[in-house]
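Engineer: task: produce atomic coordinates for the following.
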Amino acid sequence: MRMAIGAVIALLGTTAAHGSVVLDDFNRPDGAGFGTGYTIRSGRPSILNNRAVTNAQSLATYDGSFATAASVDVALSGRDAGSYVALTLGYGGERNYFIKVQDDNGDGLFDRYAFYGGNNELNGVVGDLGAAFRMGSIAVSYSGTVAKLVVGTKSGSQTYTHDYGFLPGLKNIGLGLNGLGAADNLRFDAMTMVGVPEPENWALMIGGFALAGAAARRRRRMGRAGLSRCDGRAGLSDRILPMFVSGAAHCCYKGRRGVAYPCVRWDSQSAGG
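Structural biologist: All right, here's what the predicted structure looks like:
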């Protein structure tokens with residue numbers, strides 16, 4: 001039963017931490033491609049000096065995951081008009097967001113931003129950055145159909161928004177590169193980054209939920225039968241509620257505010273398993 005329930009948790013794949021987590025720091029030997037978990041959609045992205053780079057317009061997506069927010073550190077390694085770094089949300093479906101910063105005039109500074117679709121398809125809006133920069137970070141997110149780009153540098157931040165009028169697909173966060181654009185520390189929002197179950201896994205998930213429900217009902221029956229044994233035991237205050245009884249000699253408690261406490265052996269008043 002534990003294995004089945006564990007399988008359900010693994011299939012859901014949710015993370016427990018808040019905030020952003022680094023999905024890829026690109027700290028591995030130089031070479032073509034980004035490695036396991038990525039699909040190369042176009043071009044020839046590669047790793048060089050622990051950064052993601054390219055020698056042609058390229059896009060790589062991290063498969064089987066989605067997020068409503070992602071960010072990456074960006075830099076320009078030289079002067080080349082058209083160099084950019086982009087993040088995509090929901091790539092691979094009919095519609096996706098492709099949000100980038102670009103060196104438009106070849107002066108070695110990111111000076112423009114764009115809210116596009118597809119793989120750098122010119123079907124959105126373009127604008128000048130309030131302050132050009134060479135190194136910094138970009139963070140993209142959306143709420144409803146409105147996408148947001150936040151550019152971060154040592155001198156401050158800049159925020160831009162665009163209403164696409166449609167929602168992106170659920171899968172495949174991507175990293176786009178062109179020219180001398182380079183990226184590092186690809187991050188996803190930890191609360192929304194999940195593995196989307198494939199159709200063949202739904203039966204296992206449903207079975208796992210059924211087993212979990214049966215286990216919960218059995219614990220409740222055990223708890224009702226043995227609560228009198230737990231009352232007043234182990235010196236616990238009245239603010240602690242008995243949660244369930246595990247075996248004949250263990251009382252497990254849970255606080256009114258949902259704070260979990262370890263099981264307590266009421267015969268010896270010592271922490272148990």
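Engineer: hey, which strand is longest across this structure?
Structural biologist: The strand spanning the most residues in the chain, taking DSSP state E as the definition, is strand 121-133.
Engineer: list the buried ones in it?
Structural biologist: Neighbour-count burial for strand 121-133, with 16 or more other C-beta atoms under 10 Å as criterion, is recorded at 124, 129, 132-133. No exception for glycine: its C-beta is placed from N, CA and C like everyone else's.
Engineer: need the residues you listed in CSV with pLDDT and distance to residue 26, can you?
Structural biologist: Shown next, in CSV, are the buried residues of strand 121-133 (pLDDT from 0 to 100; distance: C-beta to C-beta, whole Å):
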residue, pLDDT, distance to residue 26
124, 87, 28
129, 98, 25
132, 97, 25
133, 98, 21
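Engineer: for stretch 159-175, measure first residue to last.
Structural biologist: Terminal residues of stretch 159-175 are spaced 20 Å apart (C-alpha to C-alpha, to the nearest Å).
Engineer: again, but for stretch 24-39
Structural biologist: Taking C-alpha to C-alpha, the span from the opening residue of stretch 24-39 to its closing residue is 14 Å.
Engineer: contacts for that stretch, please.
Structural biologist: Residues from elsewhere that reach stretch 24-39 (C-beta atoms under 8 Å, 6 or more residues apart in numbering): 40, 44-52, 60-64, 172, 175, 183-186.
Engineer: which secondary structure elements does the helix or strand residue 182 falls within contact?
Structural biologist: Residue 182 is located in strand 181-189, with elements delineated by DSSP states H and E. Helices and strands touching strand 181-189, by 3 or more C-beta pairs under 8 Å, 6 or more residues apart in numbering; DSSP states H and E, are strand 20-24, strand 51-54, strand 69-76, strand 84-89, strand 173-178.
Engineer: which other residues reach that strand?
Structural biologist: For strand 181-189, the surrounding residues in contact (C-beta under 8 Å, 6+ apart) are 19-26, 50-54, 62, 65, 67-77, 83-85, 102-103, 141, 173, 175, 177.
Engineer: touching, residue 155 and residue 130? I think so.
Structural biologist: No - using C-beta atoms under 8 Å, residue 155 is not in contact with residue 130, being 10.4 Å away.
Engineer: name the nearest of the buried residues of strand 121-133 relative to residue 91.
Structural biologist: Closest to residue 91 out of the buried residues of strand 121-133 is residue 124 (14.5 Å), distances taken as C-beta to C-beta.
Engineer: the closest one: what's it in contact with?
Structural biologist: By C-beta under 8 Å, 6+ apart, the contact set of residue 124 is 98, 114-117, 162, 164.
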